[in-house]
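**Student:** missing the sequence, but the structure's below:
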C-alpha cells in the first residue's frame with residue numbers, strides 16, 4: 001500500500017511539474033547515447049602521450065562533431081587508432097570505434113608546437129669537422145622545421161660539412177658526411193694479419209678516408225704503395 005501511494009505521489013508530481021518530467025526524459029534519453037566529450041577526452045589523452053618529449057608546447061585542435069550526431073552508447077571499451085602514427089605535428093586523423101554496438105567515427109586533429117633542432121651557432125666552412133662550439137640545440141615552431149633535420153647534437157659533432165653552412169641554419173642530414181679517420185699526407189698505422197700473427201708498420205695516407213673506406217697508403221719501410229681499409233682513426237688494415 002505504501003509503495004502504491006509513493007508511486008501515485010511521483011506520478012502526480014510529474015503531472016503538476018512538466019519541467020521535472022522533461023528533465024527525467026532527457027536524462028533517460030542522453031544515457032542511451034555516447035557522450036561526445038568522452039571521445040574528445042580519450043583523444044586528448046592519447047595525443048598527450050604521443051607527443052610527449054617529441055613536440056614541445058603542444059596544442060591540439062580537434063574538429064568537433066556535429067551536435068546532431070547521435071552515437072549509441074558503447075557497451076564495450078572504446079578503441080582508438082591513429083591513422084598517422086609517425087606524425088607528431090600537423091594534420092592527423094584518429095579513428096574512434098565501438099564493437100558493441102558497432103560504430104566508427106573519425107576525429108581530424110591539427111597538432112601545433114615546437115620541435116627540437118640543431119642550429120649552427122656560427123658559420124661552418126666547407127669540409128670542416130663540426131665541433132661542439134659550432135652547434136646548439138633550440139626549439140622552433142614545427143612549420144619552420146625542414147624535413148631531414150637533426151635532433152641530436154651528438155650526431156652532428158665530429159661530422160664534416162659537405163658545403164659551407166651559414167650561422168643560424170637548421171642542420172640537415174644531407175648537409176653532413178662522416179668524419180675522416182685518416183688524413184692525406186698524415187701518418188697511419190698499417191696492420192697486416194697472417195693467420196694469428198699481426199704485423200704492424202707505419203705509413204703515410206695518400207688520401208683522406210672514412211670508416212671502412214679503402215685508401216692507398218705508402219709503407220715507410222718498404223716505400224711500397226698498398227691499399228688498406230680504414231678500421232679505426234689513423235689505422236688501416238691490409239686485407
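**Tutor:** Sure thing, it's come through. Only a predicted model underlies this, so the values are computations on that prediction, with no experimental measurement involved.
**Student:** tell me the contacts of the nearest residue to residue 122 once chain neighbours are set aside?
**Tutor:** Distances taken as C-beta to C-beta, 6 or more residues apart in numbering place residue 167 nearest to residue 122, at 4.9 Å, with adjacent residues excluded. For glycine as for every other residue, the C-beta is placed from the backbone atoms N, C-alpha and C. Taking C-beta atoms under 8 Å, 6 or more residues apart in numbering as the contact definition, residue 167 lies against 120-123.
**Student:** which parts of stretch 129-149 are buried?
**Tutor:** When neighbours are counted by 16 or more other C-beta atoms under 10 Å, the buried residues of stretch 129-149 are found to be 130, 134-135, 142, 145, 149.
**Student:** Rebuild those residues as a markdown table, extending it with secondary structure and pLDDT.
**Tutor:** Supplementary listing: the buried residues of stretch 129-149 in a markdown table, determined by DSSP: H, G, I helix; E, B strand; the rest coil; pLDDT from 0 to 100:
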| residue | secondary structure | pLDDT |
| --- | --- | --- |
| 130 | coil | 93 |
| 134 | helix | 96 |
| 135 | strand | 96 |
| 142 | helix | 88 |
| 145 | coil | 91 |
| 149 | strand | 93 |
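**Student:** ok so, going back, pull up the gap between the residue nearest to residue 122 and residue 141, please.
**Tutor:** Residue 167 is 20 Å from residue 141, where distance means C-beta to C-beta, to the nearest Å.
**Student:** what distance separates the start and the end of stretch 65-74?
**Tutor:** Distance across stretch 65-74, first residue to last, is 17 Å (C-alpha to C-alpha, to the nearest Å).
**Student:** Buried residues of it, list them for me.
**Tutor:** Residues of stretch 65-74 classed as buried under the neighbour-count rule (16+ other C-beta under 10 Å) are 71, 74.
**Student:** State which strand of the chain is the longest.
**Tutor:** Ranked by number of residues, the top strand in the chain under DSSP state E is strand 103-120.
**Student:** Now do that strand, average pLDDT.
**Tutor:** Computed over strand 103-120, the mean pLDDT rounds to 95.
**Student:** can you pull the buried residues of it?
**Tutor:** When neighbours are counted by 16+ other C-beta under 10 Å, the buried residues of strand 103-120 are found to be 107, 109, 111, 113-120.
**Student:** Can you spell out which helices and strands pack onto it?
**Tutor:** In this structure, strand 103-120 packs against helix 36-51, strand 56-62, strand 90-98, strand 135-141, helix 153-156, with contacts taken as 3 or more C-beta pairs under 8 Å, 6 or more residues apart in numbering; DSSP states H and E.
**Student:** okay, residue 138: pLDDT?
**Tutor:** We note a pLDDT of 95 for residue 138 in this prediction.
**Student:** these two touch, right, it and residue 115?
**Tutor:** No. Using C-beta atoms under 8 Å, residue 138 makes no contact with residue 115, being 9.8 Å away.
**Student:** For the residue most central in space within the chain, give me the pLDDT.
**Tutor:** Central residue of the chain (C-alpha atoms, centre = their mean): residue 54, 5.5 Å from the mean position. Residue 54 carries a pLDDT score of 87 in this model.
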